[in-house]
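**Q** Sequence unavailable; structure follows:
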């Protein structure tokens, strides 16, 4: 068993333009923002991004790094529609595949199990089938004869997720109320990079919480990045809540000005700027 710790820059150096990239978290909750910021400081682009979207999608869209987005929504939670995503979408900056939340989850699950698709009831009778004409249905071969949506697998070249704690081997732990399907993102990907608030010894993981909180298994994780405050400005309960003041600043600042202020330096410069303004 090897030590998988690395820097955010080393993790991003494993990514390439044109990849399909999954990003964990949910809306403006426990997003791997330190990794997203490192990605934005690189020249990687032309990405297919798969995400229950939040500011990760908004920033990558504003920076012109997305070729295609696969999502169920893009929101900042307390701000219902992510404004930078909205602006990019309105100017036709990328292709969009929008599906039901459960369909999205089933696509990740299919990829995690290396299946080409999985049947799901979600989406039937809705406009999701009309706006996604490539979707197909399948009929049960059994007596019920029920029709399902055949949700295609969302296979990922790489995934980025953030958790509360991890060890050096790649076991990842969440301490908040919701896993947000981060385990499926890692299992659906050829390579998964996990940032965490703190790297701890393996034995310490079960001292803080029950074994059921060990969400990520080491065999699905490629790299571990210790990134305190690494989900900022999204929440990472119970370590910290969403920075609503900063989120409002992000939502109301033109992207060039925001990027110049917060992305020009490294992650230490970002955290320093945030500390000065808090």
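**A** Done, it's in. Predicted, not measured: the structure shown is a model, and the values here were computed from it. Numbers count the residues shown, from 1 in each chain.

**Q** For the residue lying closest to residue 214 once chain neighbours are set aside, which residues are in contact?
**A** Distances taken as CB to CB, 6 or more residues apart in numbering put residue 173 closest to residue 214, at 5.4 Å, once the chain neighbours are dropped. The way it works is simple: take the backbone N, C-alpha and C, and place the C-beta from them, glycine included. Counting by CB atoms under 8 Å, 6 or more residues apart in numbering, residue 173 touches 163, 164, 165, 166, 205, 208, 209, 213, 214, 215, 216.

**Q** So what does the closest residue to residue 172 other than its chain neighbours look like in phi/psi?
**A** Spatial nearest neighbour of residue 172, chain neighbours left out: residue 216 (3.1 Å); criterion: CB to CB, 6+ apart. Main-chain dihedrals, residue 216, degrees, to the nearest 10: phi -100, psi 130.

**Q** returning to what we had before: so which of the contacts of residue 173 is the most crowded?
**A** Counting neighbours by other CB atoms under 10 Å, residue 163 leads the contacts of residue 173 with 32 neighbours.

**Q** Which strands or helices does the one helix or strand that one maps to pack on?
**A** Under the criterion of DSSP states H and E, residue 163 resides in strand 156-166. Under the contact definition 3 or more CB pairs under 8 Å, 6 or more residues apart in numbering; DSSP states H and E, strand 156-166 sits against strand 20-23, helix 33-40, strand 172-173, helix 182-188, strand 189-199, helix 202-208, strand 214-216.

**Q** could you dump those to CSV with mean pLDDT and distance to residue 8?
**A** Output for the helices and strands packed on strand 156-166, formatted as CSV (pLDDT from 0 to 100; distance: least, CB to CB, whole Å):
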stretch, mean pLDDT, distance to residue 8
strand 20-23, 98, 14
helix 33-40, 98, 4
strand 172-173, 98, 16
helix 182-188, 98, 17
strand 189-199, 98, 7
helix 202-208, 92, 22
strand 214-216, 97, 17
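
**Q** Looking at those, which is nearest to residue 107?
**A** When the helices and strands packed on strand 156-166 are compared by CB to CB, helix 182-188 sits nearest residue 107, at 8.3 Å.

**Q** and the closest one, what other elements does it pack with?
**A** Secondary-structure packing of helix 182-188 (3+ CB pairs under 8 Å, 6+ apart): strand 20-23, helix 101-112, strand 156-166, strand 189-199, strand 214-216.

**Q** so what does the fourth one touch, helix or strand wise?
**A** Read it as strand 189-199. helix 33-40, strand 156-166, helix 182-188, strand 223-226.
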